[in-house]
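S.K.: Here you go, sequence then predicted model.
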Amino acid sequence: MMKDSELILRQKTAKLLRAGRKVRGINQSQMAEILGVTQSMISKLESATLGPDAGVWYHFCQELSIDPDLTFRSGYVFVKGKKISKKNLAFRFPRNYKANDLLVKEALPFISLIEELDLEQDFNGYCIGLKIDPDIFSVPNLAIPFSIFSKLMDYIKSNKILKQSLNAAINFESQDLKLTGSDDESKIEKVVSMIQQRQNILSISQKKSSIEIKIAPDFSFSEESEVYLDDYFSLKSKQIESILKEINPTKNVDIKVLSKHHLQVSFVA
Amino acid sequence: MNTHELFWNQLDLIQNVLHLDDKNFASFFELTSSEYLKLKSTKTYPKVSSLDHFCKRLKVSQSQLFEGDINYMNLKERFLSTPNELPYRYRYGALSKSRTIINLFNYIETAYGLKLKLALIEQLGIPSYLLDSPEHQININLITDLCHLLQKIGFTKSEFVNLGLASFYTNYGNSFGQYLRKHRNIEEMFDDLCSNLSHEFEKNFSYKLEHINDNNIIVLAKPTEQAKELLGTHLVGTPDACLTKQGVFATFPRYLGYQYSKVEKTHCLYENHSLTKYSINFY
(Lines give C-alpha, C1' and ligand atoms only; values in the text may rest on other atoms or scores of the structure.)
Protein backbone atom coordinates (compact mmCIF):
# COMPACT_ATOMS: atom_id res chain seq x y z
CA MET A 1 0.00 0.00 0.00
CA MET A 2 1.22 3.49 -0.86
CA LYS A 3 2.30 5.74 2.00
CA ASP A 4 0.53 9.10 2.43
CA SER A 5 3.84 10.92 2.06
CA GLU A 6 4.47 9.14 -1.26
CA LEU A 7 1.05 10.22 -2.54
CA ILE A 8 1.66 13.83 -1.44
CA LEU A 9 4.98 13.86 -3.31
CA ARG A 10 3.33 12.43 -6.43
CA GLN A 11 0.63 15.08 -6.28
CA LYS A 12 3.24 17.77 -5.85
CA THR A 13 5.27 16.66 -8.86
CA ALA A 14 2.09 16.07 -10.89
CA LYS A 15 1.12 19.70 -10.36
CA LEU A 16 4.58 20.91 -11.34
CA LEU A 17 4.60 18.76 -14.49
CA ARG A 18 1.16 20.07 -15.49
CA ALA A 19 2.12 23.68 -14.78
CA GLY A 20 5.41 23.36 -16.67
CA ARG A 21 3.71 21.84 -19.70
CA LYS A 22 1.08 24.60 -19.74
CA VAL A 23 3.80 27.25 -19.51
CA ARG A 24 5.33 25.72 -22.65
CA GLY A 25 1.86 25.82 -24.21
CA ILE A 26 1.91 22.22 -25.34
CA ASN A 27 -0.34 19.18 -24.92
CA GLN A 28 0.50 15.86 -23.28
CA SER A 29 1.46 14.17 -26.58
CA GLN A 30 3.92 16.94 -27.40
CA MET A 31 5.39 16.76 -23.89
CA ALA A 32 5.67 12.97 -24.24
CA GLU A 33 7.61 13.40 -27.46
CA ILE A 34 10.00 15.91 -25.85
CA LEU A 35 10.65 13.69 -22.83
CA GLY A 36 10.85 10.48 -24.86
CA VAL A 37 7.99 8.71 -23.08
CA THR A 38 4.44 7.76 -24.06
CA GLN A 39 1.44 10.09 -23.80
CA SER A 40 -0.14 7.61 -21.42
CA MET A 41 2.90 7.90 -19.15
CA ILE A 42 2.55 11.73 -19.11
CA SER A 43 -1.12 11.34 -18.29
CA LYS A 44 -0.27 9.03 -15.36
CA LEU A 45 2.43 11.39 -14.11
CA GLU A 46 0.15 14.42 -14.33
CA SER A 47 -2.66 12.65 -12.50
CA ALA A 48 -0.29 11.40 -9.75
CA THR A 49 -0.97 7.75 -10.66
CA LEU A 50 2.80 7.45 -11.05
CA GLY A 51 5.68 9.48 -9.63
CA PRO A 52 8.39 10.60 -12.06
CA ASP A 53 11.80 8.95 -12.07
CA ALA A 54 14.84 11.19 -11.73
CA GLY A 55 15.64 10.97 -15.46
CA VAL A 56 12.24 12.18 -16.64
CA TRP A 57 12.28 14.91 -13.99
CA TYR A 58 15.74 16.16 -14.98
CA HIS A 59 14.82 16.17 -18.67
CA PHE A 60 11.59 18.09 -17.90
CA CYS A 61 13.50 20.71 -15.88
CA GLN A 62 16.12 21.10 -18.59
CA GLU A 63 13.40 21.62 -21.17
CA LEU A 64 12.02 24.51 -19.10
CA SER A 65 15.47 25.80 -18.02
CA ILE A 66 14.54 25.46 -14.36
CA ASP A 67 16.55 24.15 -11.42
CA PRO A 68 15.55 20.51 -10.69
CA ASP A 69 16.30 20.67 -6.96
CA LEU A 70 14.74 24.04 -6.20
CA THR A 71 11.66 23.26 -8.30
CA PHE A 72 11.08 19.97 -6.48
CA ARG A 73 11.71 21.44 -3.02
CA SER A 74 9.79 24.69 -3.42
CA GLY A 75 6.89 23.30 -5.44
CA TYR A 76 7.09 26.27 -7.84
CA VAL A 77 8.02 26.46 -11.52
CA PHE A 78 10.27 29.52 -11.58
CA VAL A 79 10.37 30.21 -15.29
CA LYS A 80 11.80 33.65 -15.96
CA GLY A 81 9.45 36.28 -17.41
CA LYS A 82 10.78 36.30 -20.92
CA LYS A 83 10.28 32.56 -21.21
CA ILE A 84 6.56 32.91 -20.62
CA SER A 85 4.94 33.70 -23.91
CA LYS A 86 1.40 34.76 -23.01
CA LYS A 87 -0.13 33.85 -26.33
CA ASN A 88 1.17 30.28 -26.09
CA LEU A 89 0.13 29.55 -22.52
CA ALA A 90 -2.11 26.54 -22.08
CA PHE A 91 -3.71 27.61 -18.79
CA ARG A 92 -7.46 27.96 -18.64
CA PHE A 93 -8.81 31.41 -17.78
CA PRO A 94 -12.40 32.59 -17.95
CA ARG A 95 -12.88 34.40 -21.27
CA ASN A 96 -13.73 37.75 -19.71
CA TYR A 97 -10.39 37.95 -17.83
CA LYS A 98 -8.14 40.04 -19.98
CA ALA A 99 -5.63 42.36 -18.37
CA ASN A 100 -2.53 40.84 -16.82
CA ASP A 101 -1.78 43.19 -13.96
CA LEU A 102 -0.07 41.15 -11.26
CA LEU A 103 2.48 38.38 -11.01
CA VAL A 104 1.47 35.19 -9.24
CA LYS A 105 4.37 35.73 -6.83
CA GLU A 106 2.40 38.57 -5.22
CA ALA A 107 0.01 35.89 -4.04
CA LEU A 108 2.62 33.42 -2.76
CA PRO A 109 2.31 34.22 0.98
CA PHE A 110 -1.41 33.42 0.71
CA ILE A 111 -0.86 30.29 -1.39
CA SER A 112 1.81 29.14 1.04
CA LEU A 113 -0.60 29.66 3.94
CA ILE A 114 -3.37 27.72 2.14
CA GLU A 115 -0.96 24.79 1.77
CA GLU A 116 0.30 25.03 5.35
CA LEU A 117 -3.29 24.77 6.56
CA ASP A 118 -3.96 21.75 4.32
CA LEU A 119 -6.61 23.62 2.36
CA GLU A 120 -5.06 23.04 -1.05
CA GLN A 121 -7.66 20.58 -2.29
CA ASP A 122 -10.50 22.79 -1.13
CA PHE A 123 -8.89 25.81 -2.82
CA ASN A 124 -8.34 23.86 -6.04
CA GLY A 125 -12.04 22.96 -6.07
CA TYR A 126 -12.95 26.61 -5.53
CA CYS A 127 -10.74 27.66 -8.48
CA ILE A 128 -12.13 24.98 -10.77
CA GLY A 129 -15.66 26.13 -9.87
CA LEU A 130 -14.69 29.60 -11.12
CA LYS A 131 -13.07 28.14 -14.26
CA ILE A 132 -9.65 29.28 -13.04
CA ASP A 133 -6.85 26.78 -13.54
CA PRO A 134 -5.35 26.23 -10.02
CA ASP A 135 -2.03 25.24 -11.63
CA ILE A 136 -1.32 28.92 -12.37
CA PHE A 137 -0.43 29.35 -8.70
CA SER A 138 2.60 27.10 -9.24
CA VAL A 139 4.19 29.59 -11.66
CA PRO A 140 5.35 32.65 -9.65
CA ASN A 141 6.48 34.72 -12.63
CA LEU A 142 3.22 34.32 -14.54
CA ALA A 143 1.19 37.52 -15.02
CA ILE A 144 -2.45 37.16 -14.03
CA PRO A 145 -5.40 39.55 -14.01
CA PHE A 146 -6.26 41.37 -10.78
CA SER A 147 -9.61 39.63 -10.98
CA ILE A 148 -7.99 36.29 -10.15
CA PHE A 149 -6.19 37.85 -7.23
CA SER A 150 -9.49 39.24 -6.08
CA LYS A 151 -11.03 35.76 -6.17
CA LEU A 152 -8.16 34.52 -4.02
CA MET A 153 -8.99 37.26 -1.51
CA ASP A 154 -12.64 36.19 -1.59
CA TYR A 155 -11.59 32.66 -0.75
CA ILE A 156 -9.48 33.83 2.20
CA LYS A 157 -12.31 35.99 3.51
CA SER A 158 -14.81 33.16 3.20
CA ASN A 159 -12.63 30.63 5.00
CA LYS A 160 -12.76 30.96 8.75
CA ILE A 161 -9.45 29.21 9.45
CA LEU A 162 -7.55 31.25 6.87
CA LYS A 163 -9.06 34.49 8.08
CA GLN A 164 -8.16 33.62 11.66
CA SER A 165 -4.60 32.76 10.66
CA LEU A 166 -4.12 36.03 8.84
CA ASN A 167 -5.57 37.94 11.78
CA ALA A 168 -3.38 35.97 14.18
CA ALA A 169 -0.32 36.91 12.14
CA ILE A 170 -1.33 40.56 12.28
CA ASN A 171 -2.01 40.36 16.02
CA PHE A 172 1.31 38.67 16.64
CA GLU A 173 3.13 41.44 14.82
CA SER A 174 1.12 44.03 16.70
CA GLN A 175 2.06 42.45 20.04
CA ASP A 176 5.65 42.72 18.94
CA LEU A 177 5.05 46.41 18.24
CA LYS A 178 3.61 46.94 21.70
CA LEU A 179 6.75 45.46 23.21
CA THR A 180 9.30 47.24 21.08
CA GLY A 181 7.68 50.59 20.42
CA SER A 182 8.28 52.78 23.44
CA ASP A 183 6.39 55.89 22.31
CA ASP A 184 3.87 56.91 19.71
CA GLU A 185 6.50 58.15 17.30
CA SER A 186 8.45 54.92 17.34
CA LYS A 187 5.24 52.86 17.10
CA ILE A 188 4.13 54.86 14.09
CA GLU A 189 7.59 54.61 12.57
CA LYS A 190 7.51 50.88 12.89
CA VAL A 191 3.97 50.54 11.68
CA VAL A 192 4.84 52.48 8.54
CA SER A 193 7.67 50.10 7.91
CA MET A 194 5.54 47.08 8.72
CA ILE A 195 2.70 48.08 6.45
CA GLN A 196 5.14 48.68 3.67
CA GLN A 197 6.91 45.38 4.05
CA ARG A 198 4.06 43.13 5.07
CA GLN A 199 1.24 44.35 2.92
CA ASN A 200 2.97 44.65 -0.44
CA ILE A 201 1.92 48.27 -0.51
CA LEU A 202 3.16 49.96 -3.63
CA SER A 203 3.80 53.38 -2.18
CA ILE A 204 3.77 54.92 1.24
CA SER A 205 4.79 58.42 2.22
CA GLN A 206 5.05 59.84 5.67
CA LYS A 207 4.19 63.42 6.47
CA LYS A 208 4.42 65.18 9.82
CA SER A 209 1.23 63.83 11.34
CA SER A 210 -0.06 61.50 8.66
CA ILE A 211 0.92 58.75 6.32
CA GLU A 212 -0.45 58.24 2.85
CA ILE A 213 -0.76 54.75 1.48
CA LYS A 214 -1.37 53.87 -2.14
CA ILE A 215 -2.46 50.30 -2.51
CA ALA A 216 -2.21 50.24 -6.28
CA PRO A 217 -0.12 52.02 -8.87
CA ASP A 218 -1.22 55.31 -10.41
CA PHE A 219 -2.37 53.98 -13.74
CA SER A 220 -5.99 53.66 -14.60
CA PHE A 221 -7.56 50.26 -14.57
CA SER A 222 -10.17 49.02 -16.95
CA GLU A 223 -13.71 49.27 -15.61
CA GLU A 224 -13.82 45.53 -15.41
CA SER A 225 -10.70 45.38 -13.25
CA GLU A 226 -11.95 48.19 -11.00
CA VAL A 227 -14.97 46.12 -10.06
CA TYR A 228 -12.83 43.17 -9.08
CA LEU A 229 -10.33 45.38 -7.30
CA ASP A 230 -12.88 46.67 -4.80
CA ASP A 231 -12.64 43.59 -2.64
CA TYR A 232 -8.89 43.54 -2.77
CA PHE A 233 -8.64 47.17 -1.67
CA SER A 234 -11.20 46.76 1.07
CA LEU A 235 -9.33 43.74 2.46
CA LYS A 236 -6.04 45.64 2.40
CA SER A 237 -7.65 48.66 4.07
CA LYS A 238 -9.10 46.46 6.80
CA GLN A 239 -5.73 44.83 7.42
CA ILE A 240 -4.07 48.23 7.73
CA GLU A 241 -6.85 49.47 9.99
CA SER A 242 -6.51 46.48 12.32
CA ILE A 243 -2.74 46.91 12.53
CA LEU A 244 -3.21 50.56 13.47
CA LYS A 245 -5.87 49.77 16.05
CA GLU A 246 -3.74 47.07 17.60
CA ILE A 247 -0.74 49.30 18.19
CA ASN A 248 -3.07 51.56 20.11
CA PRO A 249 -1.17 54.82 20.09
CA THR A 250 -2.28 57.49 22.55
CA LYS A 251 -3.02 59.68 19.54
CA ASN A 252 -6.25 59.05 17.67
CA VAL A 253 -5.94 57.34 14.34
CA ASP A 254 -8.13 58.66 11.56
CA ILE A 255 -8.26 56.77 8.29
CA LYS A 256 -9.63 58.64 5.29
CA VAL A 257 -10.19 56.95 1.98
CA LEU A 258 -8.96 59.53 -0.54
CA SER A 259 -9.76 57.32 -3.48
CA LYS A 260 -10.49 53.65 -3.90
CA HIS A 261 -6.85 52.70 -3.56
CA HIS A 262 -5.44 55.71 -1.76
CA LEU A 263 -5.67 56.00 2.03
CA GLN A 264 -4.65 58.79 4.35
CA VAL A 265 -3.90 57.85 7.93
CA SER A 266 -3.70 60.80 10.33
CA PHE A 267 -2.53 60.84 13.92
CA VAL A 268 -4.37 63.43 15.98
CA ALA A 269 -2.95 64.42 19.35
CA MET B 1 28.91 8.41 -22.40
CA ASN B 2 25.17 9.21 -22.39
CA THR B 3 23.34 10.91 -19.49
CA HIS B 4 22.10 7.58 -18.20
CA GLU B 5 25.57 6.04 -18.01
CA LEU B 6 27.06 9.24 -16.65
CA PHE B 7 24.51 9.32 -13.84
CA TRP B 8 25.19 5.74 -12.72
CA ASN B 9 28.90 6.24 -13.14
CA GLN B 10 28.73 9.22 -10.77
CA LEU B 11 26.88 7.18 -8.16
CA ASP B 12 29.49 4.38 -8.37
CA LEU B 13 32.31 6.89 -7.98
CA ILE B 14 30.64 8.57 -4.99
CA GLN B 15 30.10 5.22 -3.28
CA ASN B 16 33.78 4.35 -3.80
CA VAL B 17 35.12 7.74 -2.69
CA LEU B 18 33.08 7.59 0.50
CA HIS B 19 33.93 3.88 1.11
CA LEU B 20 30.30 2.96 1.72
CA ASP B 21 28.71 -0.46 1.52
CA ASP B 22 25.45 -0.93 -0.43
CA LYS B 23 23.30 -0.81 2.69
CA ASN B 24 24.63 2.54 3.85
CA PHE B 25 24.68 3.99 0.38
CA ALA B 26 21.09 2.86 -0.27
CA SER B 27 19.98 4.52 2.96
CA PHE B 28 20.88 7.94 1.49
CA PHE B 29 18.10 7.33 -1.04
CA GLU B 30 15.81 6.06 1.74
CA LEU B 31 15.89 2.66 0.02
CA THR B 32 16.80 -0.79 1.26
CA SER B 33 19.98 -2.31 -0.16
CA SER B 34 17.95 -4.78 -2.24
CA GLU B 35 15.81 -1.98 -3.70
CA TYR B 36 18.94 -0.01 -4.56
CA LEU B 37 20.77 -3.00 -6.04
CA LYS B 38 17.76 -3.76 -8.23
CA LEU B 39 17.86 -0.21 -9.63
CA LYS B 40 21.61 -0.43 -10.06
CA SER B 41 21.59 -3.77 -11.87
CA THR B 42 18.97 -2.58 -14.36
CA LYS B 43 20.43 0.94 -14.49
CA THR B 44 16.98 2.31 -13.72
CA TYR B 45 16.69 5.84 -12.42
CA PRO B 46 15.47 6.17 -8.82
CA LYS B 47 12.31 8.18 -8.12
CA VAL B 48 12.94 11.91 -7.94
CA SER B 49 11.92 11.91 -4.26
CA SER B 50 14.63 9.29 -3.50
CA LEU B 51 17.22 11.26 -5.42
CA ASP B 52 16.25 14.40 -3.51
CA HIS B 53 16.99 12.61 -0.20
CA PHE B 54 20.38 11.62 -1.57
CA CYS B 55 21.16 15.16 -2.78
CA LYS B 56 20.16 16.69 0.56
CA ARG B 57 22.25 14.21 2.53
CA LEU B 58 25.41 14.75 0.47
CA LYS B 59 24.70 18.38 -0.43
CA VAL B 60 25.08 17.77 -4.16
CA SER B 61 22.68 18.90 -6.85
CA GLN B 62 20.77 16.78 -9.33
CA SER B 63 22.44 18.68 -12.18
CA GLN B 64 25.90 17.78 -10.83
CA LEU B 65 24.97 14.09 -10.91
CA PHE B 66 23.54 14.23 -14.43
CA GLU B 67 26.35 16.36 -15.80
CA GLY B 68 29.24 14.64 -14.02
CA ASP B 69 30.25 17.84 -12.28
CA ILE B 70 31.11 16.59 -8.78
CA ASN B 71 34.06 17.87 -6.79
CA TYR B 72 35.00 14.76 -4.82
CA MET B 73 37.23 16.59 -2.34
CA ASN B 74 34.34 18.87 -1.34
CA LEU B 75 31.98 15.92 -1.30
CA LYS B 76 34.18 14.05 1.16
CA GLU B 77 34.50 17.11 3.38
CA ARG B 78 30.72 17.57 3.45
CA PHE B 79 30.16 13.89 4.13
CA LEU B 80 32.59 13.83 7.05
CA SER B 81 31.22 17.02 8.61
CA THR B 82 28.48 16.69 11.20
CA PRO B 83 24.98 17.14 9.70
CA ASN B 84 24.36 20.40 11.55
CA GLU B 85 27.65 21.99 10.55
CA LEU B 86 27.82 25.06 8.35
CA PRO B 87 29.31 24.03 4.95
CA TYR B 88 32.99 24.90 4.62
CA ARG B 89 32.21 27.34 1.78
CA TYR B 90 30.28 29.44 4.29
CA ARG B 91 32.55 28.78 7.26
CA TYR B 92 36.03 29.85 6.13
CA GLY B 93 36.88 33.54 5.74
CA ALA B 94 33.82 34.35 7.86
CA LEU B 95 33.94 38.15 7.74
CA SER B 96 30.18 38.83 7.67
CA LYS B 97 27.56 38.56 10.39
CA SER B 98 24.44 36.44 10.03
CA ARG B 99 22.20 39.54 10.45
CA THR B 100 22.22 40.13 6.67
CA ILE B 101 21.12 36.61 5.86
CA ILE B 102 18.42 36.76 8.56
CA ASN B 103 17.10 39.95 7.03
CA LEU B 104 17.08 38.41 3.54
CA PHE B 105 15.16 35.34 4.70
CA ASN B 106 12.70 37.45 6.72
CA TYR B 107 11.85 39.38 3.60
CA ILE B 108 11.55 36.25 1.48
CA GLU B 109 9.14 34.70 4.00
CA THR B 110 7.06 37.86 4.25
CA ALA B 111 6.84 38.63 0.57
CA TYR B 112 6.83 35.11 -0.91
CA GLY B 113 5.80 32.72 1.84
CA LEU B 114 7.38 30.22 4.19
CA LYS B 115 7.56 27.46 1.56
CA LEU B 116 10.04 29.33 -0.63
CA LYS B 117 12.14 30.34 2.37
CA LEU B 118 12.46 26.73 3.52
CA ALA B 119 13.25 25.50 0.01
CA LEU B 120 16.06 28.06 -0.30
CA ILE B 121 17.47 27.11 3.12
CA GLU B 122 17.51 23.45 2.02
CA GLN B 123 19.07 24.36 -1.29
CA LEU B 124 21.91 26.21 0.43
CA GLY B 125 22.32 23.38 2.94
CA ILE B 126 22.59 25.68 5.95
CA PRO B 127 21.66 24.65 9.49
CA SER B 128 18.67 26.38 11.09
CA TYR B 129 20.69 27.62 14.11
CA LEU B 130 22.34 30.14 11.80
CA LEU B 131 19.12 32.14 11.68
CA ASP B 132 18.68 32.22 15.47
CA SER B 133 21.15 35.01 16.16
CA PRO B 134 22.46 37.93 14.10
CA GLU B 135 25.92 37.50 15.58
CA HIS B 136 27.09 34.27 13.85
CA GLN B 137 30.12 34.76 11.62
CA ILE B 138 29.63 33.69 7.99
CA ASN B 139 31.47 33.85 4.71
CA ILE B 140 30.03 36.36 2.21
CA ASN B 141 29.65 33.36 -0.18
CA LEU B 142 26.38 32.57 1.62
CA ILE B 143 24.94 35.97 0.69
CA THR B 144 26.22 35.77 -2.88
CA ASP B 145 24.90 32.19 -3.32
CA LEU B 146 21.47 33.22 -2.05
CA CYS B 147 21.45 36.25 -4.39
CA HIS B 148 22.47 33.95 -7.24
CA LEU B 149 19.56 31.60 -6.47
CA LEU B 150 17.13 34.53 -6.28
CA GLN B 151 18.41 35.86 -9.57
CA LYS B 152 17.92 32.41 -11.10
CA ILE B 153 14.27 32.38 -10.02
CA GLY B 154 13.63 35.74 -11.63
CA PHE B 155 14.19 38.33 -8.91
CA THR B 156 14.30 41.79 -10.46
CA LYS B 157 16.71 44.60 -9.60
CA SER B 158 14.02 46.37 -7.58
CA GLU B 159 13.36 43.19 -5.58
CA PHE B 160 17.04 43.08 -4.61
CA VAL B 161 16.81 46.70 -3.45
CA ASN B 162 13.64 45.77 -1.52
CA LEU B 163 15.60 43.04 0.27
CA GLY B 164 17.86 45.77 1.61
CA LEU B 165 14.98 48.11 2.44
CA ALA B 166 13.42 45.34 4.55
CA SER B 167 16.43 45.48 6.87
CA PHE B 168 14.73 48.45 8.55
CA TYR B 169 11.95 46.21 9.80
CA THR B 170 14.39 43.52 10.99
CA ASN B 171 16.74 45.96 12.71
CA TYR B 172 14.30 48.47 14.12
CA GLY B 173 13.73 46.72 17.42
CA ASN B 174 17.18 45.17 17.89
CA SER B 175 20.28 46.66 19.47
CA PHE B 176 21.63 47.82 16.12
CA GLY B 177 18.44 49.74 15.36
CA GLN B 178 18.40 51.23 18.85
CA TYR B 179 22.00 52.32 18.44
CA LEU B 180 21.27 53.98 15.10
CA ARG B 181 18.33 55.89 16.57
CA LYS B 182 20.58 57.52 19.14
CA HIS B 183 22.34 59.66 16.53
CA ARG B 184 21.42 63.33 16.42
CA ASN B 185 21.33 63.64 12.64
CA ILE B 186 21.95 61.73 9.42
CA GLU B 187 25.43 63.18 8.88
CA GLU B 188 26.53 62.06 12.32
CA MET B 189 25.03 58.63 11.76
CA PHE B 190 26.86 58.04 8.45
CA ASP B 191 30.09 59.34 9.88
CA ASP B 192 29.78 56.91 12.77
CA LEU B 193 28.72 54.07 10.44
CA CYS B 194 31.73 54.53 8.19
CA SER B 195 34.40 55.26 10.77
CA ASN B 196 33.41 53.11 13.74
CA LEU B 197 30.50 50.82 13.07
CA SER B 198 31.08 49.10 9.74
CA HIS B 199 33.83 46.74 10.90
CA GLU B 200 31.59 45.74 13.81
CA PHE B 201 29.20 43.93 11.50
CA GLU B 202 31.17 43.25 8.34
CA LYS B 203 34.83 43.01 7.48
CA ASN B 204 34.55 42.36 3.76
CA PHE B 205 34.37 46.04 2.84
CA SER B 206 35.78 49.23 4.28
CA TYR B 207 33.60 52.32 3.99
CA LYS B 208 34.68 55.92 3.68
CA LEU B 209 32.74 59.17 3.48
CA GLU B 210 33.82 61.11 0.41
CA HIS B 211 31.37 63.97 0.61
CA ILE B 212 28.77 65.18 3.04
CA ASN B 213 26.32 68.08 3.03
CA ASP B 214 22.74 68.82 4.11
CA ASN B 215 21.06 66.49 1.65
CA ASN B 216 23.72 64.33 0.05
CA ILE B 217 26.32 61.88 1.27
CA ILE B 218 28.75 59.93 -0.87
CA VAL B 219 30.04 56.67 0.54
CA LEU B 220 32.92 54.71 -0.96
CA ALA B 221 32.99 50.95 -0.42
CA LYS B 222 36.15 48.98 -1.10
CA PRO B 223 36.89 45.31 -0.39
CA THR B 224 39.33 44.96 2.50
CA GLU B 225 42.75 43.40 1.93
CA GLN B 226 41.79 40.67 4.40
CA ALA B 227 38.68 39.80 2.37
CA LYS B 228 40.54 39.81 -0.94
CA GLU B 229 43.21 37.53 0.47
CA LEU B 230 40.84 35.10 2.19
CA LEU B 231 38.40 34.90 -0.71
CA GLY B 232 41.12 34.88 -3.37
CA THR B 233 39.49 37.60 -5.49
CA HIS B 234 39.30 41.36 -5.70
CA LEU B 235 35.63 41.07 -6.75
CA VAL B 236 34.05 40.50 -3.36
CA GLY B 237 30.25 39.97 -3.41
CA THR B 238 28.02 40.24 -6.49
CA PRO B 239 26.17 43.02 -8.34
CA ASP B 240 22.88 41.76 -6.81
CA ALA B 241 24.29 41.88 -3.27
CA CYS B 242 25.38 45.42 -4.16
CA LEU B 243 21.77 46.34 -4.95
CA THR B 244 20.73 44.95 -1.58
CA LYS B 245 23.33 47.15 0.06
CA GLN B 246 21.86 50.10 -1.85
CA GLY B 247 18.52 49.30 -0.16
CA VAL B 248 20.18 49.08 3.27
CA PHE B 249 21.79 52.52 2.79
CA ALA B 250 18.39 53.93 1.84
CA THR B 251 16.96 52.86 5.22
CA PHE B 252 19.38 54.70 7.50
CA PRO B 253 17.58 58.09 7.56
CA ARG B 254 14.38 56.17 8.47
CA TYR B 255 15.80 55.35 11.91
CA LEU B 256 15.76 59.09 12.63
CA GLY B 257 12.22 59.58 11.34
CA TYR B 258 13.06 60.74 7.81
CA GLN B 259 11.90 59.16 4.58
CA TYR B 260 13.90 56.46 2.83
CA SER B 261 16.74 58.13 0.99
CA LYS B 262 17.32 57.83 -2.73
CA VAL B 263 20.52 55.89 -3.36
CA GLU B 264 22.36 55.75 -6.66
CA LYS B 265 25.40 53.69 -7.47
CA THR B 266 27.69 55.94 -9.48
CA HIS B 267 30.76 53.65 -9.57
CA CYS B 268 30.70 49.90 -9.30
CA LEU B 269 33.33 47.33 -8.50
CA TYR B 270 31.69 45.03 -11.04
CA GLU B 271 31.94 47.61 -13.82
CA ASN B 272 35.71 47.82 -13.82
CA HIS B 273 35.94 50.52 -11.15
CA SER B 274 38.32 50.08 -8.24
CA LEU B 275 35.52 50.69 -5.73
CA THR B 276 31.78 51.14 -5.43
CA LYS B 277 30.44 54.65 -4.88
CA TYR B 278 26.98 55.23 -3.41
CA SER B 279 25.38 58.66 -3.64
CA ILE B 280 22.75 59.00 -0.90
CA ASN B 281 20.20 61.78 -1.24
CA PHE B 282 17.88 62.49 1.66
CA TYR B 283 15.15 64.95 2.36
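M.R.: Yes, it's here. Residues are numbered from 1 along each chain as shown, chains lettered A, B, ... in the order given.
S.K.: Based on its surroundings, how many neighbours for residue 136?
M.R.: Reading this off chain A. Other residues lying near A:Ile136 total 21 when counted by other Cβ atoms under 10 Å in any protein chain shown. In this view, the C-beta of every residue, glycine as well, is placed from N, C-alpha and C.
S.K.: Oops, wrong one, chain B.
M.R.: B:His136, neighbours per other Cβ under 10 Å, totals 19.
S.K.: correct me, but it touches B:Ser98?
M.R.: Yes. Using Cβ atoms under 8 Å, B:His136 makes contact with B:Ser98 at a distance of 3.9 Å.
S.K.: Now list whatever residues contact both of those two.
M.R.: B:Leu130 (Cβ atoms under 8 Å, 6 or more residues apart in numbering or on different chains).
S.K.: Could you pull up the contacting residues of B:Leu31?
M.R.: Contacts of B:Leu31 (Cβ under 8 Å, 6+ apart): B:Leu39, B:Pro46, B:Ser50.
S.K.: where does the chain have low pLDDT?
M.R.: Reading this off chain A. Applying pLDDT under 70 to chain A flags residues A:1-3, A:81-88, A:95-101, A:162-253, A:259-262, A:267-269.
S.K.: that's the wrong chain, I meant chain B
M.R.: B:201.
S.K.: Report how many residues lie close to the closest residue to chain A within chain B.
M.R.: Per Cβ to the nearest Cβ, B:Gly113 is where chain B lies closest to chain A, at 2.8 Å. Other residues lying near B:Gly113 total 25 when counted by other Cβ under 10 Å.
S.K.: For A:Gln143, list each beta-bridge partner.
M.R.: Not quite, residue A:143 is Ala, not Gln. Beta bridges link A:Ala143 to A:Leu103, judged by DSSP bridges.
S.K.: Quick check, it in contact with A:Leu102.
M.R.: Yes. Judged on Cβ under 8 Å, A:Ala143 makes contact with A:Leu102 at a distance of 7.0 Å.
S.K.: Comparing those two, which shows the higher neighbour count?
M.R.: Set A:Ala143 next to A:Leu102 and count neighbours by other Cβ under 10 Å: A:Leu102 wins out with 20 against 16.
S.K.: one step back: got the contacts of B:Leu31 as TSV, with distance to B:Leu65 columns?
M.R.: Listed next are the contacts of B:Leu31 as TSV, based on distance: Cβ to Cβ, whole Å:
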residue	distance to B:Leu65
B:Leu39	14
B:Pro46	11
B:Ser50	12
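S.K.: Among the residues you listed, which ones are in helices?
M.R.: Mapping the contacts of B:Leu31 onto helices (DSSP state H) picks out B:Leu39, B:Ser50.
S.K.: Now cross-check the contacts of B:Leu31 against chain A and list the overlap.
M.R.: On the criterion Cβ under 8 Å from any Cβ of the partner chain, B:Pro46, B:Ser50 are the entries of these that sit beside chain A.
S.K.: Filter the contacts of B:Leu31 down to the buried ones.
M.R.: B:Leu39, B:Pro46, B:Ser50 (16 or more other Cβ atoms under 10 Å in any protein chain shown).
S.K.: What separation is there between the closest residue to B:Gln62 other than its chain neighbours and A:Ser74?
M.R.: Excluding its sequence neighbours, the residue lying closest to B:Gln62 (Cβ to Cβ, 6 or more residues apart in numbering or on different chains) is A:Pro68, at 4.2 Å. A:Pro68 is 11 Å from A:Ser74, where distance means Cβ to Cβ, to the nearest Å.
S.K.: same question, B:Glu109
M.R.: Distance of B:Glu109 to A:Ser74, given as Cβ to Cβ: 13 Å.
S.K.: intersection of neighbour lists for the two?
M.R.: The contact sets of B:Glu109 and A:Ser74 overlap at B:Leu116 (Cβ under 8 Å, 6+ apart).
S.K.: So between these two, which is more surrounded?
M.R.: Higher neighbour count among B:Glu109 and A:Ser74: A:Ser74, with 26 against 17, using other Cβ under 10 Å.
S.K.: Check whether the more buried one really touches B:Leu116, as I assumed.
M.R.: Yes. Applying Cβ under 8 Å, one finds A:Ser74 in contact with B:Leu116, separated by 5.4 Å.
S.K.: Helix, strand or coil: sort out the residue nearest the centre of chain B for me.
M.R.: The centre of chain B sits closest to B:Ile143, judged by Cα atoms, centre = their mean, with a distance of 2.2 Å. Under the three-state scheme (DSSP: H, G, I helix; E, B strand; the rest coil), B:Ile143 adopts helix.
S.K.: Next one: it from B:Val248, what distance?
M.R.: In terms of Cβ to Cβ, B:Ile143 sits 12 Å off from B:Val248.
S.K.: Ok, B:Leu75 next?
M.R.: Remark: distance between B:Leu75 and B:Val248 (Cβ to Cβ) = 35 Å.
S.K.: Could you do B:Ala119 as well?
M.R.: Distance from B:Ala119 to B:Val248, by Cβ to Cβ: 25 Å.
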